[in-house]
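> starting from these lines, generate the structure:
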Amino acid sequence: MEFKGHAITAVLAPLALGVALLGAWTVAEENAGAVFDFGLTSVGQVVRTIGDDQVGGLWTRTQQSVLKNCERALLATRSLEVRYLPTQTQEALVPHCRQTAETAAARFPTDSYAWSVSALAAAHMQDWPGMNDALIRSQLTGPHEGWIAELRVAVAQDNFAQLEAEALEAADADLRLLLASESGIGTLAQRYVDEPDFRARVEAQVETQPAQIQRRFINEVRKRTTS
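The predicted structure is shown next:
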């Protein structure tokens, strides 16, 4: 059975309602006196490289490791670990990661991951033209890389109002890519459950997919609303 138009919304709407009825989650912050081992965390690794113009060297594996640390640090900017850094270090973290990503992309212009990390950093800096450009370049150079597409989707959705037309098209292409992958469809289902503003966007893409993918997506959403 293939779902069309309002049909997919009709199936998913009760599931979305179930999510709302689960209630609000409470998050307990860690003890303010906690001691962080900066040498073992991604944030700590990034902090160590601030001011190092040669970070990442010329080795692709090293470069990817540095970019992964930056991605994790950028996603943790509201964490206690970052909040307890000296103010000057906090202020330097995002620009440093952006410079790191842009240096990597300049060295290897087809490095889709470098462009995606650059987009994430640009979004933190509210450089919307820079974010849009990096998202587009990342999608063009890595249109079939699902793990990178997951980051692009997150950046695009978290800053949806700032997307330009071409970046929006790239973001929709990423949604279709993830719907066709086992891990990607789970990621989208979880975001569908967590973020009401995301639902209309993903439903529009689900409706364009074969019935098998539509059923898989609905089942993934059900798993996350009936547990």
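> can I get the helix or strand harbouring residue 134 in CSV, CA atoms only?
Here residue 134 sits within helix 128-141, counting by DSSP states H and E. Extracted C-alpha coordinates of helix 128-141, given in CSV (Å, rounded to 0.1, in the frame of the first residue of the first chain):
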residue,chain,number,x,y,z
TRP,A,128,24.3,32.8,6.8
PRO,A,129,25.8,33.3,3.4
GLY,A,130,28.9,31.3,4.5
MET,A,131,26.7,28.6,5.9
ASN,A,132,24.6,28.3,2.8
ASP,A,133,27.7,28.2,0.5
ALA,A,134,29.4,25.5,2.6
LEU,A,135,26.2,23.4,2.8
ILE,A,136,25.9,23.5,-1.0
ARG,A,137,29.6,22.7,-1.6
SER,A,138,29.4,19.8,0.9
GLN,A,139,26.3,18.3,-0.8
LEU,A,140,27.8,18.8,-4.3
THR,A,141,31.1,17.0,-3.3
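> figure out how far that helix is from the centre of its chain.
Mean-position distance between helix 128-141 and its chain equals 13 Å (CA atoms, centre = their mean, to the nearest Å).
> where does pLDDT dip in the chain?
1-40, 53-61, 227 (pLDDT under 70).
> ok, 90 please
For the chain, residues meeting the criterion pLDDT under 90 lie at 1-41, 44-66, 182, 225-227.
> could you point out the longest helix of it?
The longest helix of the chain (DSSP state H) is helix 87-107.
> buried residues, that one. List them.
92-94, 96-105 (16 or more other CB atoms under 10 Å). Placement of C-beta: from N, CA and C, glycine included.
> do stretch 146-153 as well
Counting neighbours by 16+ other CB under 10 Å, one finds that the buried residues in stretch 146-153 are 146, 148, 149, 150, 151, 152, 153.
> residue 176: neighbouring residues, count only.
15 (other CB atoms under 10 Å).
> and for residue 226?
Residue 226 has 8 neighbours, counted by other CB under 10 Å.
> what of residue 212?
As a burial measure, residue 212 scores 9 neighbours (other CB under 10 Å).
> now residue 199: closest residue in space that isn't a chain neighbour?
Leaving aside its sequence neighbours, residue 199 sits nearest to residue 192 (CB to CB, 6 or more residues apart in numbering; 5.6 Å).
> actually residue 68, not the one I typed
Among residues not flanking residue 68 along the chain, residue 42 sits closest, at 7.2 Å (CB to CB, 6+ apart).
> equivalent analysis for residue 178, please.
residue 184 (2.9 Å).
> so the residue nearest to residue 199 is in which element?
Going by DSSP H and E, residue 192 is part of helix 182-194.
> so which bits of that helix are buried?
Going by neighbour count (16+ other CB under 10 Å), the buried part of helix 182-194 is 184, 185, 186, 187, 188, 189, 191, 192, 193.
> quick one: contacts for the first one?
If I follow you right, that is residue 184. Going by CB atoms under 8 Å, 6 or more residues apart in numbering, residue 184 touches 146, 149, 150, 177, 178.
> isn't the residue nearest to residue 199 right up against residue 198?
Yes - counting by CB atoms under 8 Å, residue 198 is a contact partner of residue 192 at 6.0 Å.
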